[in-house]
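Engineer: Okay, here's the prediction I keep looking at, along with the sequence it came from:
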Amino acid sequence: MSLTIREIENAKPAGKPYKMTDGGGLCLLIAPSGAKLWRWRYYFDGKEKMMAFGEYPVVSLKDARDLHFAARKTLAAGTDPMAERRSESEAKQKETDDRLRQAENSFEKIGRKWWAWWSVGKSPRHVDTVMRRLEADVFPVIGHKFIDAITAADVRELILPIEARGARDVAKRAHETIGQIFRYAIANGRATRNPAADFKPRDVLKPAEEENFARVEAKDLPALLLKMWEYEGDILTIYALQLMAYLWVRTSELIEAEWPEFDLDRARWEIPPERMKKKRPHIVPLPTQAVAILRILHWRTGRGKKVFPGANDKGKTMSNNTILFALYRLGYKGEMTGHGFRGVASTVLYDSGQFEEDWIEMQLAHVQRNKVKGAYNHAKYLKQRTAMMQWWADYLDEQLARGRQALAA
C-alpha cells in the first residue's frame, strides 16, 4: 500500500525506529526522536544498499517519489545510484572549490595585495592615484577574472578604450601596472605567466604625435644637463637649450616666442592661439630659474620683438634646427631632441606621484578629447601647474648638481 500524507503526518515516534513502506523499496523511517527520514533499499552487484532522500517535510511525499523514480532509472541503466550521487557531489564540491580558488586568485584580489606590498615607501599621492586608476579602468574589466585565465587579448581590449577617450599615456600606464601585478603574482605562486609581456603598448596603440622625438632617460639627465650648461656655442643657443629643459614646450613655440607674450613680474608666458599646434591659447608658468634667464635675454634682445632673433635677420627667429644641432654637437644625435624634454618631464612628473594627470596633460597642451571634462580652459589648474613647473626646475637643478659632483669625483 502506498503512503498518504495523512498517514505520514499522524505517524508518532516509538521506543525504537520503525518503517512505513511506500512501495518499490521506498520507505519512511520514523526515528525515536520524531524525525521522519526517507530511505530506499535496493541491491547492486548482489549487495544490499540503503539510499537516503532527505527528511520529511523538507522533502515532501511527491519529492521523495520523484527522487526514488530517478534513482530506479539509474539502477536500471546499470549504475549504482549512490555512487553516481557521490560522483555528482564531488563534482559540485570541486566546482565550488574552483570558484573559491578563482575568487581568491581573482585579478582584483591579487591586484590589491600587490598594491599594498608595492605602496610601502611610496608617495601617498602616487599610491592613491595608482589605486584610483585601477578601480576606474582595470578592476571593472578584468578584476573578477581568475588571474591565470586572463589573456593578452583581454589586456589589449582593456587599454584600447582608455586610449579612445584621449588618455594614451594612461593606457600605457595601465598596461605597465597590469604587468607589475602579474609579475608579483608569478613571484608569489599565484599565476604562471604574464600576458601583458606578450606585447608592448605601441604594438596596439596609435602612434603618439610626439613619439618619434628621441629622448634620454631620466637617469641620463645629470650628464646631459652638465654638457648643456657648459656648452661653448652661441649664448642665445645656450639659453634656448636651458629654457627648453625648464619649460618643455614645443621647439617652435620657444624659438618663435615674442617679448609681448611674457610678463616676467608675474612669472607668466602666455602663448597666443595662432602659435599653438592646436590653435588654443596656452599659459606657461615660469619657474624662478626661467625668469632669471629671460631677464638676461631681455637685456640682450629686448629692444626687438623676437626673444630669439636670427643671426642675420633680426626680424626672423633662429633656425628651427639650432637646438637640435647643438645637441648633436654635444654627442646626442639620435638620442635627444629639444622636443624630447616634453617626454622626459612627463615621465618624471608622473613617476613622482605628486602631480595629477590633468595638470601634466594641460601643461603639455594636449587637447582633452573627453567631453565630460568640459570646455578647454587654458588657465585651468594654474596654481597647481605653477607649483609643478617650479618643482621640475628645482629637480633639474638637482640633476645638474649631481652631474657636477660626478665630474668632480
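Structural biologist: Alright, I've got the coordinates.

Engineer: Retrieve the pLDDT associated with the most centrally placed residue in the chain.
Structural biologist: In the chain, the centroid-proximal residue (CA atoms, centre = their mean) is Ala174; its distance is 2.8 Å. Note on Ala174: pLDDT of 94.

Engineer: Next up, identify which helix or strand it is on.
Structural biologist: Using DSSP states H and E, Ala174 maps to helix 168-187.

Engineer: how many other residues sit next to Thr21?
Structural biologist: Neighbourhood size, Thr21 [other CB atoms under 10 Å]: 13. Backbone N, C-alpha and C define where each C-beta goes, glycine included.

Engineer: Wasn't it part of a strand?
Structural biologist: Yes. Per DSSP: H, G, I helix; E, B strand; the rest coil, Thr21 lies within a strand segment.

Engineer: is it in a bridge, and if so with what?
Structural biologist: Under DSSP bridges, the beta-bridge partners of Thr21 are Cys27.

Engineer: That one touches Cys27, doesn't it?
Structural biologist: Yes. Proximity of Thr21 to Cys27 meets the contact threshold set by CB atoms under 8 Å, at 4.7 Å.

Engineer: so how far is stretch 237-247 from its chain's centroid?
Structural biologist: Its chain's average C-alpha position is 34 Å from that of stretch 237-247, according to CA atoms, centre = their mean, to the nearest Å.

Engineer: would you put the C-alpha positions of that stretch in CSV?
Structural biologist: C-alpha atoms of stretch 237-247 as CSV (Å, rounded to 0.1, in the frame of the first residue of the first chain):
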residue,chain,number,x,y,z
THR,A,237,71.6,78.8,-28.2
ILE,A,238,72.7,78.1,-24.6
TYR,A,239,69.8,80.0,-23.2
ALA,A,240,67.4,78.3,-25.7
LEU,A,241,68.7,74.9,-24.6
GLN,A,242,68.2,75.8,-20.9
LEU,A,243,64.7,77.2,-21.4
MET,A,244,63.7,74.1,-23.4
ALA,A,245,64.8,72.0,-20.4
TYR,A,246,63.0,74.1,-17.8
LEU,A,247,59.8,74.8,-19.8
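
Engineer: so Met51, which of the three states?
Structural biologist: strand.

Engineer: And what about the residue lying closest to it once chain neighbours are set aside, helix, strand or coil?
Structural biologist: Spatial nearest neighbour of Met51, chain neighbours left out: Trp40 (4.6 Å); criterion: CB to CB, 6 or more residues apart in numbering. Following three-state DSSP, we place Trp40 in the strand state.

Engineer: Okay, strands next: where are they in the stretch 251-400 of the chain?
Structural biologist: 262-263, 268-271, 282-285 (DSSP state E, counting those that start in this stretch).

Engineer: Put together CSV for these, with distance to Ile360 and mean pLDDT on each row.
Structural biologist: Listed next are the strands of the stretch 251-400 of the chain as CSV, based on distance: least, CB to CB, whole Å; pLDDT from 0 to 100:
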stretch, distance to Ile360, mean pLDDT
strand 262-263, 23, 96
strand 268-271, 18, 95
strand 282-285, 13, 95
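
Engineer: Looking at those strands, which is nearest to Leu382?
Structural biologist: Closest approach to Leu382 among the strands of the stretch 251-400 of the chain is made by strand 282-285 (6.4 Å; CB to CB).
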